[in-house]
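Novice: Take this sequence and fold it.
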Amino acid sequence: MKFTQMKKHIAVIDGGYSNEAEISFKSADTVMNNLNTDQYVPHRIRITKESWTYDPLGLNLEVNKSDFSVQLKDSIQKFDCAMIVIHGTPGEDGKLQAYFDMIGMPYNTCDQMSSTLTFNKYYCNRALETYGFSCAKAILLRKSTGWSASTIVTELGLPCFVKPNDGGSSFGATRVTEEGQLEAAINSAFQHGKEVIIEEFISGTEVTNGVFFNGTEVKALPVTEIVSENDFFDFNAKYLGQSSEITPARISDQLTKKIQSISTEIYTALGLAGICRIDYMIKGETPYIIEINTVPGQSSESIVPKMAAIEGISLSELFSRTIEQAF
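Specialist: So this is what the prediction gives:
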(Lines give C-alpha, C1' and ligand atoms only; values in the text may rest on other atoms or scores of the structure.)
Protein backbone atom coordinates (compact mmCIF):
# COMPACT_ATOMS: atom_id res chain seq x y z
CA MET A 1 0.00 0.00 0.00
CA LYS A 2 1.30 3.46 -0.90
CA PHE A 3 0.98 6.10 1.79
CA THR A 4 0.55 9.76 0.91
CA GLN A 5 2.58 12.10 3.08
CA MET A 6 0.40 14.63 4.85
CA LYS A 7 1.08 18.25 4.05
CA LYS A 8 2.38 20.39 6.91
CA HIS A 9 0.25 23.34 7.95
CA ILE A 10 2.45 26.44 8.17
CA ALA A 11 1.52 29.59 10.07
CA VAL A 12 3.07 32.51 8.15
CA ILE A 13 3.28 35.21 10.81
CA ASP A 14 3.58 38.89 9.91
CA GLY A 15 3.04 42.26 11.58
CA GLY A 16 4.82 43.06 14.81
CA TYR A 17 5.02 46.00 17.18
CA SER A 18 7.53 48.21 15.38
CA ASN A 19 7.76 50.53 12.38
CA GLU A 20 8.90 47.54 10.34
CA ALA A 21 5.39 46.05 10.18
CA GLU A 22 4.75 47.27 6.63
CA ILE A 23 7.94 45.56 5.48
CA SER A 24 6.79 42.40 7.23
CA PHE A 25 3.50 42.42 5.29
CA LYS A 26 5.44 42.46 2.01
CA SER A 27 7.73 39.67 3.18
CA ALA A 28 4.71 37.56 4.14
CA ASP A 29 3.20 38.13 0.69
CA THR A 30 6.37 36.68 -0.84
CA VAL A 31 6.32 33.67 1.48
CA MET A 32 2.63 32.97 0.84
CA ASN A 33 3.22 33.14 -2.91
CA ASN A 34 6.30 30.92 -2.90
CA LEU A 35 5.76 28.13 -0.39
CA ASN A 36 5.72 24.71 -2.04
CA THR A 37 2.03 23.78 -1.90
CA ASP A 38 2.89 20.15 -2.66
CA GLN A 39 4.48 20.05 0.80
CA TYR A 40 2.78 22.79 2.79
CA VAL A 41 -0.55 24.47 3.44
CA PRO A 42 0.16 28.14 4.28
CA HIS A 43 -2.03 30.09 6.69
CA ARG A 44 -1.54 33.79 7.36
CA ILE A 45 -1.52 35.12 10.90
CA ARG A 46 -1.01 38.74 11.90
CA ILE A 47 0.38 39.77 15.27
CA THR A 48 -0.04 43.34 16.49
CA LYS A 49 -0.07 44.92 19.95
CA GLU A 50 -3.87 44.80 19.86
CA SER A 51 -4.55 41.32 18.50
CA TRP A 52 -3.37 38.01 17.05
CA THR A 53 -5.58 37.20 14.08
CA TYR A 54 -5.93 34.35 11.60
CA ASP A 55 -6.52 35.27 7.94
CA PRO A 56 -6.37 39.03 8.67
CA LEU A 57 -7.63 39.98 5.20
CA GLY A 58 -10.49 37.51 5.24
CA LEU A 59 -11.96 35.60 8.20
CA ASN A 60 -10.05 37.72 10.73
CA LEU A 61 -10.41 35.18 13.55
CA GLU A 62 -8.77 35.40 16.94
CA VAL A 63 -5.83 33.10 17.67
CA ASN A 64 -5.99 31.09 20.90
CA LYS A 65 -2.70 32.02 22.57
CA SER A 66 -2.77 29.03 24.92
CA ASP A 67 -1.83 26.67 22.07
CA PHE A 68 -1.70 28.89 18.95
CA SER A 69 -4.81 27.35 17.43
CA VAL A 70 -7.83 28.89 15.70
CA GLN A 71 -11.48 27.98 16.15
CA LEU A 72 -13.04 27.66 12.70
CA LYS A 73 -16.75 27.10 12.09
CA ASP A 74 -16.68 23.31 12.41
CA SER A 75 -13.12 22.52 13.46
CA ILE A 76 -10.00 23.74 15.20
CA GLN A 77 -7.08 24.75 12.98
CA LYS A 78 -3.70 23.79 14.35
CA PHE A 79 -0.27 24.29 12.83
CA ASP A 80 2.82 22.15 12.39
CA CYS A 81 5.32 25.00 12.17
CA ALA A 82 5.47 28.76 12.59
CA MET A 83 7.19 30.74 9.84
CA ILE A 84 8.09 34.03 11.47
CA VAL A 85 8.47 36.96 9.07
CA ILE A 86 8.14 39.73 11.66
CA HIS A 87 11.06 42.16 11.45
CA GLY A 88 11.81 43.74 14.81
CA THR A 89 9.92 42.97 17.99
CA PRO A 90 8.46 40.46 18.85
CA GLY A 91 9.63 38.28 15.95
CA GLU A 92 13.33 39.07 15.81
CA ASP A 93 14.22 39.72 19.46
CA GLY A 94 13.41 36.33 20.96
CA LYS A 95 9.99 37.09 22.45
CA LEU A 96 7.96 35.09 19.95
CA GLN A 97 10.57 32.33 19.95
CA ALA A 98 10.23 32.00 23.74
CA TYR A 99 6.45 31.70 23.35
CA PHE A 100 6.73 28.95 20.75
CA ASP A 101 9.30 27.14 22.89
CA MET A 102 6.81 27.13 25.77
CA ILE A 103 4.00 25.61 23.71
CA GLY A 104 6.32 23.23 21.85
CA MET A 105 5.84 24.50 18.30
CA PRO A 106 8.71 24.39 15.78
CA TYR A 107 9.64 27.67 14.07
CA ASN A 108 11.90 28.76 11.23
CA THR A 109 14.23 31.24 12.93
CA CYS A 110 17.02 31.30 15.49
CA ASP A 111 16.08 30.21 19.00
CA GLN A 112 15.22 32.61 21.80
CA MET A 113 18.75 33.10 23.12
CA SER A 114 20.39 33.62 19.73
CA SER A 115 17.61 35.99 18.66
CA THR A 116 17.92 38.05 21.84
CA LEU A 117 21.69 38.34 21.45
CA THR A 118 21.75 39.24 17.76
CA PHE A 119 18.97 41.82 18.19
CA ASN A 120 21.17 43.68 20.67
CA LYS A 121 23.74 45.19 18.33
CA TYR A 122 26.20 46.26 21.03
CA TYR A 123 26.39 43.01 22.99
CA CYS A 124 26.28 40.87 19.86
CA ASN A 125 29.31 42.63 18.41
CA ARG A 126 31.17 42.39 21.71
CA ALA A 127 30.44 38.64 21.72
CA LEU A 128 31.68 38.36 18.14
CA GLU A 129 34.93 40.05 19.14
CA THR A 130 35.57 37.27 21.66
CA TYR A 131 35.53 34.84 18.72
CA GLY A 132 38.15 36.95 16.96
CA PHE A 133 35.88 38.73 14.48
CA SER A 134 36.38 42.43 13.70
CA CYS A 135 33.65 44.90 14.68
CA ALA A 136 33.40 48.68 14.83
CA LYS A 137 34.27 50.40 18.11
CA ALA A 138 31.10 51.46 19.89
CA ILE A 139 29.60 53.14 22.94
CA LEU A 140 26.29 52.07 24.52
CA LEU A 141 23.96 54.68 26.03
CA ARG A 142 20.90 54.18 28.22
CA LYS A 143 18.31 56.80 29.12
CA SER A 144 19.36 56.55 32.76
CA THR A 145 23.03 57.30 32.09
CA GLY A 146 24.68 60.57 31.20
CA TRP A 147 26.99 61.17 28.27
CA SER A 148 29.53 63.67 27.06
CA ALA A 149 29.72 64.72 23.42
CA SER A 150 33.42 65.47 23.69
CA THR A 151 34.14 62.05 25.21
CA ILE A 152 32.21 60.32 22.43
CA VAL A 153 34.08 62.24 19.74
CA THR A 154 37.44 61.60 21.41
CA GLU A 155 36.77 57.87 21.63
CA LEU A 156 35.07 57.24 18.28
CA GLY A 157 36.01 60.21 16.11
CA LEU A 158 33.85 61.85 13.45
CA PRO A 159 31.84 61.02 11.52
CA CYS A 160 30.08 58.39 13.63
CA PHE A 161 26.76 56.56 13.52
CA VAL A 162 24.02 56.91 16.13
CA LYS A 163 21.20 54.36 16.08
CA PRO A 164 18.82 52.40 18.31
CA ASN A 165 20.60 49.40 19.81
CA ASP A 166 17.67 47.10 19.10
CA GLY A 167 16.06 48.56 15.99
CA GLY A 168 16.04 47.59 12.34
CA SER A 169 15.62 49.01 8.83
CA SER A 170 17.72 52.02 9.94
CA PHE A 171 14.78 53.70 11.73
CA GLY A 172 16.19 56.38 14.02
CA ALA A 173 19.72 56.09 12.61
CA THR A 174 21.82 59.19 11.93
CA ARG A 175 25.26 59.81 10.48
CA VAL A 176 26.82 62.50 12.66
CA THR A 177 29.54 64.69 11.15
CA GLU A 178 29.79 67.42 13.82
CA GLU A 179 29.87 67.23 17.61
CA GLY A 180 26.90 69.60 17.81
CA GLN A 181 24.70 67.09 15.96
CA LEU A 182 25.06 64.38 18.61
CA GLU A 183 22.28 65.49 20.96
CA ALA A 184 19.59 65.56 18.26
CA ALA A 185 20.80 62.24 16.84
CA ILE A 186 20.79 60.55 20.25
CA ASN A 187 17.31 61.90 21.07
CA SER A 188 16.05 60.62 17.71
CA ALA A 189 17.47 57.16 18.35
CA PHE A 190 15.91 57.04 21.82
CA GLN A 191 12.50 57.50 20.16
CA HIS A 192 12.94 54.00 18.75
CA GLY A 193 14.44 52.11 21.69
CA LYS A 194 15.61 52.15 25.30
CA GLU A 195 19.28 51.91 24.36
CA VAL A 196 21.39 53.76 21.80
CA ILE A 197 24.58 52.54 20.17
CA ILE A 198 27.13 54.97 18.78
CA GLU A 199 29.64 53.42 16.39
CA GLU A 200 32.83 54.65 14.78
CA PHE A 201 32.64 55.36 11.07
CA ILE A 202 34.48 52.81 8.96
CA SER A 203 35.26 54.08 5.49
CA GLY A 204 35.13 51.32 2.94
CA THR A 205 32.90 49.10 0.84
CA GLU A 206 29.56 48.07 2.33
CA VAL A 207 28.49 44.50 1.61
CA THR A 208 26.01 41.99 2.94
CA ASN A 209 25.84 38.21 2.87
CA GLY A 210 22.96 35.78 3.30
CA VAL A 211 23.55 32.46 5.04
CA PHE A 212 21.37 29.44 5.79
CA PHE A 213 21.46 25.68 6.43
CA ASN A 214 20.75 23.83 3.18
CA GLY A 215 20.00 20.47 4.77
CA THR A 216 23.59 19.27 4.57
CA GLU A 217 25.80 22.20 5.52
CA VAL A 218 25.75 25.89 6.36
CA LYS A 219 25.68 27.69 3.02
CA ALA A 220 26.68 31.29 2.31
CA LEU A 221 24.93 33.00 -0.60
CA PRO A 222 26.68 35.40 -3.01
CA VAL A 223 28.02 38.61 -1.47
CA THR A 224 26.09 41.77 -2.40
CA GLU A 225 27.66 45.22 -2.53
CA ILE A 226 25.55 48.16 -1.34
CA VAL A 227 26.01 51.55 -2.99
CA SER A 228 23.68 54.05 -1.33
CA GLU A 229 22.73 57.43 -2.78
CA ASN A 230 22.41 58.69 0.80
CA ASP A 231 24.87 59.07 3.69
CA PHE A 232 24.42 55.38 4.51
CA PHE A 233 22.14 52.41 3.80
CA ASP A 234 19.08 53.96 5.45
CA PHE A 235 15.37 53.15 5.09
CA ASN A 236 15.01 55.10 1.84
CA ALA A 237 18.01 53.33 0.37
CA LYS A 238 16.77 49.92 1.49
CA TYR A 239 13.14 50.16 0.47
CA LEU A 240 12.59 53.18 -1.77
CA GLY A 241 15.18 52.42 -4.41
CA GLN A 242 17.75 54.99 -3.32
CA SER A 243 20.63 52.53 -3.59
CA SER A 244 22.28 50.14 -5.99
CA GLU A 245 22.77 46.50 -5.04
CA ILE A 246 25.50 44.76 -7.00
CA THR A 247 25.70 40.97 -6.89
CA PRO A 248 28.29 39.59 -6.89
CA ALA A 249 30.10 42.40 -5.08
CA ARG A 250 32.96 44.12 -6.88
CA ILE A 251 35.62 42.66 -4.59
CA SER A 252 38.31 40.03 -5.10
CA ASP A 253 37.48 36.34 -5.11
CA GLN A 254 39.74 35.95 -2.08
CA LEU A 255 37.83 38.59 -0.11
CA THR A 256 34.49 37.14 -1.22
CA LYS A 257 35.49 33.71 0.09
CA LYS A 258 36.73 35.29 3.31
CA ILE A 259 33.39 36.99 3.94
CA GLN A 260 31.43 33.85 3.11
CA SER A 261 33.66 31.88 5.47
CA ILE A 262 33.11 34.41 8.25
CA SER A 263 29.34 34.26 7.67
CA THR A 264 29.25 30.47 8.02
CA GLU A 265 31.53 30.60 11.08
CA ILE A 266 29.27 33.15 12.78
CA TYR A 267 26.17 31.10 11.91
CA THR A 268 27.72 28.09 13.63
CA ALA A 269 29.35 29.91 16.56
CA LEU A 270 26.19 31.75 17.62
CA GLY A 271 23.89 28.80 16.95
CA LEU A 272 21.89 30.63 14.30
CA ALA A 273 19.08 29.03 12.30
CA GLY A 274 16.83 29.85 9.37
CA ILE A 275 17.84 32.48 6.84
CA CYS A 276 20.15 35.16 8.23
CA ARG A 277 21.91 38.13 6.65
CA ILE A 278 25.14 39.60 7.94
CA ASP A 279 26.15 43.17 7.09
CA TYR A 280 29.81 44.14 6.71
CA MET A 281 31.99 47.14 6.02
CA ILE A 282 35.26 46.29 4.28
CA LYS A 283 38.29 48.41 5.16
CA GLY A 284 41.38 47.35 3.27
CA GLU A 285 41.24 43.56 3.38
CA THR A 286 39.38 43.38 6.69
CA PRO A 287 35.59 42.83 6.83
CA TYR A 288 34.08 44.54 9.90
CA ILE A 289 30.78 43.08 11.06
CA ILE A 290 28.07 45.72 11.37
CA GLU A 291 25.09 43.63 12.43
CA ILE A 292 23.29 40.31 12.04
CA ASN A 293 19.71 40.19 10.72
CA THR A 294 17.99 36.97 11.82
CA VAL A 295 14.69 37.75 10.05
CA PRO A 296 15.86 39.54 6.89
CA GLY A 297 13.35 40.97 4.45
CA GLN A 298 11.78 38.56 1.97
CA SER A 299 9.88 41.05 -0.20
CA SER A 300 10.57 41.63 -3.89
CA GLU A 301 12.75 44.63 -2.91
CA SER A 302 14.77 42.61 -0.40
CA ILE A 303 18.34 41.47 -0.83
CA VAL A 304 18.22 37.80 0.20
CA PRO A 305 15.69 36.72 -2.45
CA LYS A 306 17.90 38.37 -5.09
CA MET A 307 21.00 36.59 -3.73
CA ALA A 308 19.22 33.26 -3.83
CA ALA A 309 18.07 33.79 -7.42
CA ILE A 310 21.63 34.49 -8.57
CA GLU A 311 22.77 31.31 -6.81
CA GLY A 312 20.05 29.38 -8.67
CA ILE A 313 18.07 28.70 -5.50
CA SER A 314 14.34 29.27 -5.80
CA LEU A 315 12.47 30.93 -2.96
CA SER A 316 10.37 27.80 -2.69
CA GLU A 317 13.49 25.73 -2.02
CA LEU A 318 14.95 28.32 0.34
CA PHE A 319 11.77 28.47 2.43
CA SER A 320 11.44 24.68 2.45
CA ARG A 321 14.97 24.31 3.81
CA THR A 322 14.31 26.67 6.70
CA ILE A 323 11.03 24.98 7.57
CA GLU A 324 12.54 21.50 7.57
CA GLN A 325 15.45 22.74 9.72
CA ALA A 326 12.86 23.55 12.40
CA PHE A 327 11.98 19.88 12.95
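Novice: So which residues make contact with the helix or strand hosting E265?
Specialist: Using DSSP states H and E, E265 sits within helix 253-269. With contact meaning Cβ atoms under 8 Å, 6 or more residues apart in numbering, helix 253-269 is reached by 128, 131, 133, 207, 209-211, 213, 218-220, 223, 248-249, 251, 272, 276, 278, 280, 282, 285, 287, 289, 292. To be clear about C-beta, it is placed using only N, CA and C from the backbone, and glycine gets the same treatment.
Novice: swap in stretch 56-64?
Specialist: Stretch 56-64 is contacted by residues R44, I45, R46, S51, W52, T53, Y54, D55, S69, V70, Q71, L72 when judged by Cβ under 8 Å, 6+ apart.
Novice: In strands, which of the contacts of helix 253-269 appear?
Specialist: 207, 209-211, 213, 218-220, 223, 276, 278, 280, 282, 287, 289, 292 (DSSP state E).
Novice: And the helices in the stretch 51-200 of the chain?
Specialist: For the stretch 51-200 of the chain, the helices defined by DSSP state H, counting those that start in this stretch occupy 95-103, 112-119, 121-130, 149-156, 182-190.
Novice: for the ones in strands among the contacts of helix 253-269, which one is nearest Y17?
Specialist: I292 (20.4 Å; Cβ to Cβ).
Novice: Now do the same contact list for that closest one.
Specialist: Contacts of I292 by Cβ under 8 Å, 6+ apart are T118, C124, I266, L270, L272, C276, R277, I278, D279.
Novice: Who is T205 paired with across the strands?
Specialist: Legend: beta-bridge partners of T205 under DSSP bridges are I282.
Novice: how many neighbours does it have?
Specialist: 16 (other Cβ atoms under 10 Å).
Novice: ok, now which ones touch it?
Specialist: Per Cβ under 8 Å, 6+ apart, neighbours of T205: E225, A249, R250, I251, M281, I282.
Novice: Can you say which of those are buried?
Specialist: E225, A249, I251, M281, I282 (16 or more other Cβ atoms under 10 Å).
Novice: separation between the fourth one and T53?
Specialist: The spacing between M281 and T53, counted by Cβ to Cβ, to the nearest Å, is 40 Å.
Novice: One more: the first one?
Specialist: E225 sits 40 Å away from T53, going by Cβ to Cβ.
Novice: Also the third one?
Specialist: Between I251 and T53 the distance is 45 Å, computed by Cβ to Cβ.
Novice: try the last one
Specialist: When distance is defined by Cβ to Cβ, I282 is 43 Å away from T53.
Novice: can I get the contacts of I292 in TSV with pLDDT and neighbour count?
Specialist: Shown next, in TSV, are the contacts of I292 (pLDDT from 0 to 100; neighbours: other Cβ atoms under 10 Å):
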residue	pLDDT	neighbour count
T118	98	27
C124	98	21
I266	99	22
L270	98	20
L272	98	26
C276	98	27
R277	98	23
I278	98	28
D279	97	19
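Novice: can you put the residues you listed in a markdown table and add distance to E179?
Specialist: Output for the contacts of I292, formatted as a markdown table (distance: Cβ to Cβ, whole Å):
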| residue | distance to E179 |
| --- | --- |
| T118 | 31 |
| C124 | 27 |
| I266 | 34 |
| L270 | 35 |
| L272 | 38 |
| C276 | 36 |
| R277 | 33 |
| I278 | 31 |
| D279 | 27 |
